[in-house]
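S.K.: Here is my input, please return the structure:
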Amino acid sequence: MDKIDKELLKTIADVDVEEIKGAYNIRKNGQGIERKITENINIVTKKDVSGIDIIVKENTKFEFVHIPVIITESGLKDVVYNDFYIGKNANVIIVAGCGIHNDEHKDSEHNGIHRFFLEEGAKVKYIEKHYGEGAGDGKRILNPVTEVHLKKGASLNMESIQIKGVDSTIRTTNAVLEEDTNFVVTEKIMTHGKQFAKTNFDVKLNGENSSVKVTSRSVATEQSEQIFNSKVEGNAKCFGHVECDAIIKDNAKVTSTPEIVANNIDANLIHEAAIGKIAGEQLIKLMTLGLTEKQAEEEIINGFLK
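M.R.: Residues are numbered from 1 along each chain as shown. Below is the predicted model of the structure:
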């Protein structure tokens, strides 16, 4: 790995390659380049399509799995299928994400399709960061797909962050929840220039006492556009809460479309959305402390996306 590779890895996974703990698989320009497995976590290359199976033994506790993707080749369209099989009562942290460095004129694209199969009582913290950089005018495109299947008593906490530099993204999350399961999603997106970001959530609460909480925070500036679509379907006694808050600046555009479907009398479903500009009183308060208007705006945006 060269300097650019290591810097991308640090940005999307917050770790140096020499310091990665637990199991990991590093993918660069469409190929796996480094891998490590542990006694409780195995990583197997798929035979039929590009991708890997991550298999976590039951009762595995507090181990890490890192599966970052790095793209430095302009014009590459990378598609990968990763399946996670999390054993009964396991509790692990999975760190994914993709960083694209594009200094040329052709578009670079990564589409990661991740499927999670959690057995009874399993718990997963899943962190996914996306980032783009480079001096070229070729686009940096990221289209992540996440499919979640939770069995009785399982829970998945998903943190999805688009840092900056992504020209176009369509983010799709589909989930099916059984009895006593919990799915928590925290999404943070920043767009500028003419960037485009679309998020699609579709969650089916099929089991009694299943629950989902989705929190989306986004900032759209300049001529960028964001679209947020969510659908929560309650098919049993369940709870669902979707919250979408966005700040817009300049000529940016944000659209939020909620859909909640209650197919059971005991389904409790809530959707909240708020879109607006930075409040003037917030700017004034920070500027009285000695910040310029630009610094005050950055302070507010950073706090909003925390």
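S.K.: Name the residues of the helix or strand containing residue 161 that come out as buried.
M.R.: In the assignment (DSSP states H and E), residue 161 maps to strand 155-162. By 16 or more other C-beta atoms under 10 Å, the buried positions in strand 155-162 come out as 155-158, 160-162. C-beta here means a position set from N, CA and C on the backbone, and glycine is covered the same way.
S.K.: One more: stretch 174-190?
M.R.: 174-185, 187-190.
S.K.: likewise stretch 103-112?
M.R.: Buried, per 16+ other C-beta under 10 Å, within stretch 103-112: 107-112.
S.K.: for stretch 216-231, same thing?
M.R.: So, applying 16+ other C-beta under 10 Å, buried residues of stretch 216-231: 216-221, 224-226, 228-231.
S.K.: between these, which is nearest residue 241?
M.R.: Each of these was checked against residue 241 using C-beta to C-beta; the closest is residue 230, at 10.7 Å.
S.K.: Over to the closest one: give its phi and psi.
M.R.: For residue 230, the backbone dihedrals (degrees, to the nearest 10) come out as phi -140, psi 140.
S.K.: Distance-wise, check the nearest residue to residue 210 once chain neighbours are set aside relative to residue 153.
M.R.: Using C-beta to C-beta, 6 or more residues apart in numbering and skipping residues adjacent in sequence, the residue nearest residue 210 is residue 177, 4.0 Å away. Per C-beta to C-beta, to the nearest Å, residue 177 is found 11 Å from residue 153.
S.K.: for the stretch 1-150 of the chain, what spans make up the helices?
M.R.: 3-13 (DSSP state H, counting those that start in this stretch).
S.K.: For it, which segments count as strands?
M.R.: Per DSSP state E, counting those that start in this stretch, the stretch 1-150 of the chain carries strands over the ranges 23-28, 31-36, 41-45, 51-56, 61-66, 69-71, 77-86, 91-95, 98-101, 108-118, 123-133, 140-142, 145-150.
S.K.: wait, what's in contact with the residue nearest to residue 210?
M.R.: Residues near residue 177 by C-beta atoms under 8 Å, 6 or more residues apart in numbering: 148, 150, 183, 203-207, 210-212, 238.
S.K.: Name the spans of this structure whose pLDDT lies under the cut-off.
M.R.: Regions of the chain meeting the criterion pLDDT under 70 are absent.
S.K.: swap the cut-off to 80 and go again
M.R.: 17-18, 279-289, 306 (pLDDT under 80).
S.K.: where's the residue nearest the centre of it relative to residue 29, distance?
M.R.: Nearest residue to the geometric centre of the chain (C-alpha atoms, centre = their mean): residue 160, 2.4 Å. Residue 160 is 23 Å from residue 29, where distance means C-beta to C-beta.
S.K.: Next: residue 235.
M.R.: To residue 29, residue 235 is 43 Å away according to C-beta to C-beta.
S.K.: more neighbours, the two?
M.R.: Set residue 235 next to residue 29 and count neighbours by other C-beta atoms under 10 Å: residue 235 wins out with 18 against 15.
S.K.: Am I right that that one is in contact with residue 208?
M.R.: No: the criterion here is C-beta atoms under 8 Å, and residue 235 misses it with residue 208 at 9.8 Å.
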